[in-house]
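Participant: Predicted model follows, preceded by the sequence.
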Amino acid sequence: MEKIVRMYEIGGPEVLRYENTEVGEPGPGEVRISHVAVGLNYADTYFRNGTYPVPLPAGIGVEAAGVVQAIGPGVTNVAVGDRVTYTGFVNTLGAYSTARLVPAAPLIRLPETISFETAAAMTMRGLTSAYLMRRIHAFRPGDTILLHAAAGGVGLIVAQWARLLGLTVVGTVSSEAKAEVARAHGCNHVINYSHEDVAARVRELTDGVGVSVVFDSVGKTTFMSSLDSLRRRGTMVCVGTASGPIPPFDPVLLAMKGSVFLTRPALADYIADPAEKAELAGELFDHVGAGRIRIEINQRYALEDAVQAHRDLESRKTTGSSIFVV
């Protein structure tokens, strides 16, 4: 009997249920996969609390790595026995499981240089980091960026990738312990927002100019300070709302802050084209396989501990990446 984590209502971590499940045979375009490791992402909490509405009951989790057990009619991109990883959105919901049926299209073959645990810890975070660094802005060596949640899973990858591109990285964290982690992974400067004024410190570090790009995954509580940290015609990238959604605002605010640009990208739109997804994944796997980017798995949980995992995630007790070991 296989296991799965389901939710029958939206709410706090306590709505997650660890249950038995039957996994049938794959239909057209489907694959049966046996999971080895499953990713734990902040986006999972958005499905659980209703920020991202889905029909209930529903599985949860959108990222995992494992081995293909069976393929359905019409599947040509993978074969039985392939080591694979995947991430997505609603089309891959249900990853918190020991085995499952999943559409074949999102699957990515894993090179031997990447372990299952590493893949589960980085497929979503890594592909997100890849498009942020390679698709959002035409970075030039010497540019300075502001990176919120610099000790988080995406933050640690972006910081390392930014250093490879010759960028100066200013990271924000909530504690000195997290500051040490951020510095060890490429942040040139670290701001503890618990007791420092982020925008004022950024201006000080940049001789009053501001940064070229802000990557803000926090949202409501950091939005204004992020805008105030930008240089004239800089780019604000909203990549999450951990503190809550950004309140509505008049677009003239962007002009008042220096004719800045604002974008709210989603990973799905940067991996929808199979060729682009393969290019981003290839660059990511190459960096990780060669050791130029390290993936830090700092929390490991069993699937039956999904409630505690979500509590830890939302209370900001985690650093780096978190996974479920199946």
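Facilitator: Okay, I see it.
Participant: okay, CA-based contacts and neighbour counts for the rest of this
Facilitator: Noted.
Participant: quick check: domain ranges of this structure?
Facilitator: Annotated domains of the chain cover 2-125+269-325, 137-264 [automatic domain parsing].
Participant: end-to-end on the last one?
Facilitator: As for domain 137-264, its first-to-last residue distance stands at 13 Å under the measure C-alpha to C-alpha, to the nearest Å.
Participant: Then the longest one?
Facilitator: Between the start and the finish of domain 2-125+269-325 there is a gap of 14 Å, counting by C-alpha to C-alpha.
Participant: distance between it and the chain's centre?
Facilitator: 11 Å (C-alpha atoms, centre = their mean, to the nearest Å).
Participant: State the mean pLDDT of that domain.
Facilitator: For domain 2-125+269-325, the mean per-residue pLDDT is 95.
Participant: tally of neighbours for the residue nearest to residue 25 when sequence neighbours are not counted?
Facilitator: Nearest residue to residue 25, sequence neighbours excluded (C-alpha to C-alpha, 6 or more residues apart in numbering): residue 32, at 6.9 Å. Counted with other C-alpha atoms under 10 Å, residues neighbouring residue 32 total 23.
Participant: What's the local residue count around residue 282?
Facilitator: 16.
Participant: Would you confirm that it belongs to a strand?
Facilitator: No. Using DSSP: H, G, I helix; E, B strand; the rest coil, the assignment for residue 282 is helix, not a strand.
Participant: on contacts alone, who are the packing partners of the helix or strand encompassing residue 179?
Facilitator: Using DSSP states H and E, residue 179 sits within helix 176-184. When contacts are defined as 3 or more C-alpha pairs under 8 Å, 6 or more residues apart in numbering; DSSP states H and E, helix 176-184 packs onto strand 168-173, strand 189-192.
Participant: Can you give me the buried ones in that helix?
Facilitator: Residues of helix 176-184 classed as buried by neighbour count (16 or more other C-alpha atoms under 10 Å): 178-179, 181-183.
Participant: what does stretch 42-61 give?
Facilitator: Buried, per 16+ other C-alpha under 10 Å, within stretch 42-61: 42-48, 58-61.
Participant: before we move on, what about stretch 117-136?
Facilitator: So for stretch 117-136, counting by 16+ other C-alpha under 10 Å, buried means 117-133.
Participant: Repeat that for stretch 240-257.
Facilitator: Under 16+ other C-alpha under 10 Å, the buried positions of stretch 240-257 are 240-242, 246, 254, 257.
Participant: how far is it from where the chain is centred?
Facilitator: The answer for stretch 240-257 is 21 Å, by C-alpha atoms, centre = their mean.
Participant: contact partners of that stretch?
Facilitator: Residues from elsewhere that reach stretch 240-257, judged by C-alpha atoms under 8 Å, 6 or more residues apart in numbering: 42, 216-221, 223, 227-228, 230, 232, 260-262.
Participant: so how far is residue 222 from residue 257?
Facilitator: Separation of residue 257 from residue 222 (C-alpha to C-alpha): 15 Å.
Participant: Does anything pack onto the helix or strand where residue 34 lies? Which helices or strands?
Facilitator: Assigned by DSSP H and E, residue 34 belongs to strand 30-40. Strand 30-40 is packed against strand 63-71, strand 99-103, helix 116-134, strand 321-325, with contacts defined by 3+ C-alpha pairs under 8 Å, 6+ apart.
Participant: Just the CA atoms of it, as PDB, please.
Facilitator: The C-alpha trace of strand 30-40 is given here as PDB (Å, rounded to 0.1, in the frame of the first residue of the first chain):
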ATOM      1  CA  GLU A  30       0.900   9.500 -17.900                       C
ATOM      2  CA  VAL A  31       3.700   7.800 -16.000                       C
ATOM      3  CA  ARG A  32       3.800   5.900 -12.700                       C
ATOM      4  CA  ILE A  33       6.700   7.100 -10.600                       C
ATOM      5  CA  SER A  34       8.100   5.700  -7.400                       C
ATOM      6  CA  HIS A  35       9.400   8.600  -5.300                       C
ATOM      7  CA  VAL A  36      12.700   8.700  -3.500                       C
ATOM      8  CA  ALA A  37      12.600  12.300  -2.300                       C
ATOM      9  CA  VAL A  38       9.900  15.000  -2.300                       C
ATOM     10  CA  GLY A  39      10.400  18.800  -2.300                       C
ATOM     11  CA  LEU A  40       8.900  21.000   0.400                       C
END
